[in-house]
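>>> whatever this is, show me its structure:
(one chain, ligands or ions: 1)
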Amino acid sequence: MNACHSDADSPTGLQAGCTKDCAKDCTVDCSALQEKHNSYQAISTILNSLDALVYVSDLQTYDLIYLNDYGTKAWGQIGGRKCYQVLQAGQNAPCQFCTNHLLVDAAGKPTGTHVWEFQNTINGRWYQCRDQAVVWVDGRLVRIEIATDITERKVMEQQLAAAKALAERQASTDELTQLYNRRAFFALSRHLFHQGHRAGQKLAVVMVDLDHFKRINDEWNHAAGDAVLVKISALARNLLRGSDVLARIGGEEFAILLPDTNEAEAWQLVERLRAGFEHGTANDEIHCTASFGITYVNLQDFQSELEPESLLGTLLHQADVAMMQAKATGRNRVCVFAQ
Ligand SMILES: Nc1nc2c(ncn2[C@@H]2O[C@H](COP(=O)(O)OP(=O)(O)OP(=O)(O)O)[C@@H](O)[C@H]2O)c(=O)[nH]1
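So this is what the prediction gives:
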């Protein structure tokens with residue numbers, strides 16, 4: 001081979017500065033090579049002007065064949081390495097998240113483009129990647145990826161999602177006690193009524209009203225009253241089961257929905273709450289008890305349509321009547337609504 005064509009690093013085989021009129025004894029058609037070289041330069045100029053990563057790697061061996069300027073600036077030179085060694089952190093084998101298998105069908109034929117989003121493990125930035133398998137100039141199958149930095153959009157999306165989750169949580173949470181609020185209690189009850197109806201379950205609704213709470217506020221102060229509400233709420237949350245719905249629905253009034261619970265289980269649970277409040281605050285400066293009213297419903301009794309809204313209204317009223325009876329008969333006790 002003539003010296004002027006010996007540049008192994010040149011993708012077209014043409015050494016820089018070689019022309020068809022060079023004085024050397026050329027054995028190949030320099031003008032054809034020159035044309036190829038010019039086309040390569042033109043495409044390379046375009047790819048290097050892109051504000052996006054473009055790379056090409058062998059689909060089988062993962063050898064990195066091409067990396068544009070954007071890529072070399074961010075991840076360094078190819079240096080005879082594999083794509084995963086250059087573009088990802090601490091990889092000495094193909095990446096778990098590699099999309100190569102999605103780019104060809106079972107017969108090994110290219111399937112078209114695959115677009116996905118990914119956070120790069122070296123610089124932590126987010127990219128929208130457009131991957132495609134194509135037949136390379138030398139006949140082998142390669143992967144071409146064009147990756148655009150979408151970090152700003154991704155951060156905005158994450159902030160929006162977090163703000164939405166927070167707003168949703170706030171809309172269903174009582175600020176002082178962090179229990180569900182009235183709105184959430186109604187929404188969750190509707191859902192549990194339907195679920196319990198389908199499964200033919202029994203459930204109980206409980207009203208809870210703290211005893212002589214006005215006195216606590218008057219003898220201490222409003223802040224001390226608030227602290228009692230927080231303490232009682234935490235006690236109740238710990239004593240109930242994970243599936244029970246506990247909500248603060250008024251000042252010192254709470255409602256509880258006990259799903260899939262029969263009469264004996266409900267009584268036991270509520271009695272445990274009553275004793276828990278009594279003993280749990282016994283050594284505090286402010287001792288606090290509560291009165292409880294329970295009502296039960298067997299959802300099997302509703303043969304066809306169930307109207308959760310009106311059923312919940314009825315059950316809350318019944319539980320309230322039972323709770324008032326507990327107040328009237330001495331407080332710090334549990335009464336059951338007489339059907
Ligand atoms: N600290 C505090 N007090 C509240 C809050 N919401 C309601 N209250 C007070 O709770 C008290 C409720 O008083 P009442 O309805 O008369 O009932 P009670 O004193 O608990 O008496 P019984 O229910 O009959 O045992 C009132 O003094 C309200 O001001 C609150 O968020 N924080």
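>>> the ligand contacts on the stretch 101-250 of the chain?
209-214, 217, 222, 225-226, 229 (C-beta under 6 Å from any ligand atom). Any C-beta I mention is one placed from the backbone N, CA and C, and that applies to glycine too.
>>> can you give me phi and psi for the residue in the stretch 51-200 of the chain that the ligand sits nearest to?
Closest to the ligand within the stretch 51-200 of the chain is residue 176: 6.0 Å, counting by C-beta to the nearest ligand atom. Per-residue torsions, residue 176: phi -70, psi -50 (degrees, to the nearest 10).
>>> low-confidence ranges, this structure, go.
Low-confidence segments of the chain (pLDDT under 70): 1-29.
>>> that one: strands as residue ranges?
Remark: strands assigned in the chain by DSSP state E are 53-58, 64-67, 113-119, 126-135, 141-149, 202-210, 245-248, 253-258, 290-298, 334-336.
>>> I'd like those strands as CSV, with mean neighbour count and distance to residue 162 appended.
Converted to CSV, the strands of the chain look like this (neighbours: other C-beta atoms under 10 Å; distance: least, C-beta to C-beta, whole Å):
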stretch, mean neighbour count, distance to residue 162
strand 53-58, 21, 28
strand 64-67, 20, 35
strand 113-119, 13, 17
strand 126-135, 17, 16
strand 141-149, 20, 21
strand 202-210, 24, 33
strand 245-248, 23, 25
strand 253-258, 23, 29
strand 290-298, 23, 36
strand 334-336, 20, 42
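>>> and of the ones you listed, who's closest to residue 315?
Residue 315 lies closest to strand 202-210 among the strands of the chain, at 4.1 Å (C-beta to C-beta).
>>> what is that closest one packed up against?
For strand 202-210, the elements it packs on are helix 182-199, helix 222-239, strand 253-258, helix 263-280, strand 290-298, helix 308-328, judged by 3 or more C-beta pairs under 8 Å, 6 or more residues apart in numbering; DSSP states H and E.
>>> kindly export it (C-alpha atoms) in CSV.
Extracted in CSV, the C-alpha atoms of strand 202-210 (Å, rounded to 0.1, in the frame of the first residue of the first chain):
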residue,chain,number,x,y,z
LYS,A,202,-69.5,-7.0,58.1
LEU,A,203,-68.1,-3.7,59.2
ALA,A,204,-68.4,-1.3,62.1
VAL,A,205,-68.5,2.5,62.4
VAL,A,206,-67.4,4.1,65.6
MET,A,207,-67.8,7.7,66.8
VAL,A,208,-65.3,9.0,69.5
ASP,A,209,-65.7,12.2,71.5
LEU,A,210,-63.2,13.3,74.1
